[in-house]
Each structure stands twice: as C-alpha cells, then as structure tokens.
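Student: how does the following fold in three dimensions:
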Amino acid sequence: MSVDSPLPEPDPEALRVSQRLVRQIQEESNAGGGWLSFRRYMELALYAPGLGYYAAGSHKLGRGGDFVTAPEVSPVFGQCLARQCAQVLRALDGGSILEFGAGSGRLAVDMLRALDDLGTLPEAYAILEPSPDLRQRQEAAVTELPPDLRRRVCWRDTLPDPGSFRGVMLGNEVLDAMPVEVFRWDGAQVQERGVCMGERGLAWAERPAGEALAERVAALRAEQGDTWPPDYISEWNPGLGPWVRALGEVLERGVVLLLDYGYPRAEYYSAQRRRGTLIAHYRHRALEDPLAWPGLMDITANVDFTAVAEAGRAAGLALLGYTTQAWFLVGAGLEAVLAARASEDPGAQAALAAQVRMLTLPSEMGERFQVMALGRGVSQPLDGFTGRDLSRRL
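Tutor: So this is what the prediction gives:
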C-alpha cells in the first residue's frame, strides 16, 4: 500500500505524527547499520511513547476506528465471559479479575454488570493497560457503573507480586499485538526480515537469521516434515513464553483465559500458509503492508496456541481447555443469556440475533477466534469448554 492508494487519507496531524515516528525508526535503523528488525519496528509502530499506534491517541476501536473487537459487537460477549468467570470465582471462594489491555473498557463494564446480576462480584477488577489514551477511555466508560461496581475497578502499571493473585486473568485480543520476528525460508537457509529506508520510504530488508531464530525456524520446519516451499514467510513470537511465565509466577490459584485469533501450530505453520499471518488494520480494512503509515495502523500476527499451551506447562500451569469462540460462548451460557432477553421488542431481538451471528458464525468471529484456559488449583471442568474441547489439536 502507498499513500496514493484509494484508502482514506490520514488527516494532516496524523500524518505528521507518523512522519515523526518514521524519523525515529530511521534513526534506530541507521544506528544498526541501516537495518532494523521487524520485531523492533513493530514495537515502535505500536508502542513508541507519544507516537505509536497505542500511545498516540488515535481512535482505534469501534465503528469509527480501525477494527471492532467482540465486546464492541455485543454485551452478550461480556455476559458469557462473566458466567465463566463466576464459575471460577465460586470455585475459589472469591478472588479478583485482572484484564490485560482492556480496550475501550466495554468488556469490563459489561462483565461487572453481569457478575453483579449473578451475585458473584470480584473483590477487585484490575486493568493493566499500556496505552494512556485507552486508559482514559476506560476511566470514562466505568463512570456509567453504579458506585459499588465502579469502586472495584482499578488500574495497574505492573503485574501483582509473585504468588499473590487469586482469580481470573483475562486477555482478549492481547497476544496478537505482541511484537514478532518475521522470517523467510529461502529453500536453503533462514532469512530474518527487517526494515530499512528505501527510495520511497520504509522497505523490507533481509539478513541471515541469528542463531536463536534459525534454530527455532528449523524446529518448526522439521515439525512440518520439511514441506515448506522456497520463499516461505511466517512469524515467531519470542516474547510469548516469558509473558506466560510471568503470569505463572503471579498466579497462586485461578485461571488465565485468553481469547484471540490464531491456530494450533500444525495449522499456523502449514506449507499452504506460505505468506504468514502478519496483517495491518486501518479504517476497517485489512492490509498486507505493515510498513505504510506506521503509528496510524494496528499491526497484528496470529497466535500459535500450541506455543501458548507449551509455555503454560513450562510455567506450571495446566491446560484447562481450548476451543473456538462459538463453542466457548455456547458452553459458558449463551442460551441463558439470550433467554434473559426474550421479552425485548422485535427490533431489539433482530439486532441481538445479528450480533450473535457475528460472534458465533464460522464466517465471522465464531471459528476464527480461539479460546484457551490455563490454570492452577482449579479442578472443576470449565463450562466454556464442555461442548467441544479441541485440546487434542494442539
């Protein structure tokens, strides 16, 4: 994509922010001999203070932003999640909820209202949010809650102390925004893809992969039976394992519930997926070029859920379930949630049906999004995974 494409043009102020970020990227690239790893580029494009996508104040979520997440689609999503969290909190005789990257705050509001209706409020609803402007949106969103619910919400800058957390840790579309390394198998060796300054701006550039990336890619290729064609491109998330390990250190008893788009490893790195999963989102369009307008677009890569399960096991966390979003919502109580709204007028019922279709149909979010639960000290089977547990595919 280039700036003369038919996509909506950013406003002048947004372009100035992007250009400042490009200069910072160029400075780091020059300091590295004219090359910057894609992982570092993605980190800057998303999180550079005051300039990155999640740090510069652009409108990201909802119909007027760049993408829509499940909580923005319907409160049904949060109500079903609340029922699953309530089951865990009851099994633990209480506890808290810690949400990572809470977006607009919609999910927190919907869940707290539903948990109140279920009579299973958490001791606290903590939010760990790296984006200053999203935190402001979250603070504004929770003002619509009644005082008893609002006072339970707090924000954290760091994880709780080791071994101190009891309850549910929740990450909805968090893992896909972790910076990844991008590689290309050229048929003989592994090339690491990075960024340089070309004649027309930022451009892809490659160099032989370092030892850690080369070894990881060799293992992935071997698992696929050496079936990758030449010029096979994909991603690896080296930060995933340390992140899950940190959660394992914090969790005394409870569940880590992760929802995101992704695949088991065998599907993620199949020979047919030869261009990888890296994608950018801008004004509700999916773009294959993540180098255009850095700071103004979300950049994501799918989640290797096999790697999540392995990281959990290494951190001493049991795999409690893995399924699609559709099956999870059904198991968590979708039927009961819909029954509670059966008396609404026909117009509201029609709107609700459309929302549920978007959340559950295979052609929408239903199968594209996956749900995984890791945990410690929870022996009761989780409701959300009783319908169809796909753990055997990992």
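Student: so what does the lengthiest helix in the chain touch, helix or strand wise?
Tutor: Longest helix in the chain, counting residues (DSSP state H): helix 12-31. Here helix 12-31 touches strand 36-37, helix 38-47, strand 190-198, strand 201-208, going by 3 or more CB pairs under 8 Å, 6 or more residues apart in numbering; DSSP states H and E. In this view, the C-beta of every residue, glycine as well, is placed from N, C-alpha and C.
Student: and the next helix or strand after the second one, average pLDDT?
Tutor: Sequence-wise, the next helix or strand beyond helix 38-47 is helix 70-73, with elements assigned using DSSP states H and E. In this model, helix 70-73 carries a mean pLDDT of 90.
Student: how about helix 70-73 as PDB, C-alpha atoms only?
Tutor: In PDB, the C-alpha atoms belonging to helix 70-73 read as follows (Å, rounded to 0.1, in the frame of the first residue of the first chain):
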ATOM      1  CA  ALA A  70     -16.100  -8.800  20.300                       C
ATOM      2  CA  PRO A  71     -17.000  -6.600  23.300                       C
ATOM      3  CA  GLU A  72     -17.900  -3.800  20.800                       C
ATOM      4  CA  VAL A  73     -20.100  -6.100  18.900                       C
END
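Student: quick one: contacts of the next helix-or-strand element following that helix?
Tutor: Using DSSP H and E, the helix or strand that follows helix 70-73 in sequence is helix 75-91. For helix 75-91, the surrounding residues in contact (CB atoms under 8 Å, 6 or more residues apart in numbering) are 70-71, 95, 97, 106-107, 109-112, 114-115, 118, 120, 122, 167-168, 170, 254-255, 257, 328-329, 332-334, 336-338, 352, 355-356, 359, 378, 380, 382-384.
Student: kindly recompute the last result at 6 Å.
Tutor: With contact meaning CB atoms under 6 Å, 6 or more residues apart in numbering, helix 75-91 is reached by 70-71, 95, 107, 110-111, 114-115, 118, 120, 168, 255, 329, 332-334, 337, 359, 378, 380, 383-384.
Student: just the buried members of those residues?
Tutor: Listed as buried from the contacts of helix 75-91 are 70-71, 95, 107, 110-111, 114-115, 118, 120, 168, 255, 329, 332-334, 337, 359, 378, 383-384; burial here means 16 or more other CB atoms under 10 Å.
Student: which members of the residues you listed are positioned in strands?
Tutor: Val168, Val255 (DSSP state E).
Student: show me the buried ones among the contacts of helix 75-91 that map onto helices.
Tutor: Ala70, Pro71, Leu107, Asp110, Met111, Ala114, Leu115, Leu329, Ala332, Leu334, Val337, Leu359.
Student: list the contacts of the fifth one.
Tutor: Yep, that's Met111 we're talking about. By CB under 6 Å, 6+ apart, Met111 lies in contact with Gly78, Leu81, Ala82.
Student: TSV for these, including distance to Arg393 and pLDDT?
Tutor: Output for the contacts of Met111, formatted as TSV (distance: CB to CB, whole Å; pLDDT from 0 to 100):
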residue	distance to Arg393	pLDDT
Gly78	27	97
Leu81	23	98
Ala82	27	98
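Student: which single one of those is nearest to Gly248?
Tutor: Distance to Gly248 across the contacts of Met111 (CB to CB) is lowest for Leu81, with 21.7 Å.
Student: count of residues packed around that closest one?
Tutor: For Leu81, the count of nearby residues is 29 (other CB atoms under 10 Å).
Student: so how far is Gln370 from it?
Tutor: 14 Å (CB to CB, to the nearest Å).
Student: what of Val88?
Tutor: 19 Å.
Student: now swap in Ala271 and tell me
Tutor: Counting by CB to CB, the gap from Ala271 to Gln370 is 21 Å.
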